[in-house]
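This is the structure alone, sequence omitted:
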């Protein structure tokens, strides 16, 4: 398993539109990607957000995550993306 760790900034004035884009567009696409296992999007604090998605393979994680995949949402800027092997997963 491999995780994609995404750090982003969100313009607070556009947060409702960004949340709608996440729920209506981004999540359905990510959840339908082959190999998708789980995802977590943390509530932004001071305009900074964080997400972690987990896939069966590193290749699947890379294909479903920026810059390879479009996570465009109003007022959102992707600051960094990291890929890491999941060492331990606890249900």
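Alright, I've got the coordinates. Not measured: the values here are computed from a predicted model.

where do the helices sit along this structure?
Using DSSP state H, the helices of the chain run over 15-21, 27-31, 58-63.

Buried ones in the first one, by neighbour count?
Read it as helix 15-21. 15, 18-19, 21 (16 or more other Cβ atoms under 10 Å). (Each C-beta comes from the backbone N, C-alpha and C, glycine too.)

my read: residue 41 touches residue 71, true?
No - look at residue 41 against residue 71 with Cβ atoms under 8 Å: they stay out of range, at 10.6 Å.

need the contact list for the nearest residue to residue 84 once chain neighbours are set aside.
Setting aside the residues directly before and after it, residue 84 is nearest to residue 3 in space (Cβ to Cβ, 6 or more residues apart in numbering), at 5.4 Å. Shown in contact with residue 3 (Cβ atoms under 8 Å, 6 or more residues apart in numbering): 52-55, 61, 83-86.

any chance of these in TSV, plus pLDDT?
As requested, the contacts of residue 3 are arranged in TSV below (pLDDT from 0 to 100):
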residue	pLDDT
52	97
53	97
54	98
55	98
61	97
83	98
84	98
85	98
86	98
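
I'd like to know which of the residues you listed are part of strands.
Of the positions in the contacts of residue 3, 52-55, 83-85 sit in strands, assigned by DSSP state E.

quick revisit: adding distance to residue 91 as columns, could you present the helices of the chain in JSON lines?
Formatted as JSON lines, the helices of the chain follow (distance: least, Cβ to Cβ, whole Å):
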{"stretch": "helix 15-21", "distance to residue 91": "28"}
{"stretch": "helix 27-31", "distance to residue 91": "18"}
{"stretch": "helix 58-63", "distance to residue 91": "20"}
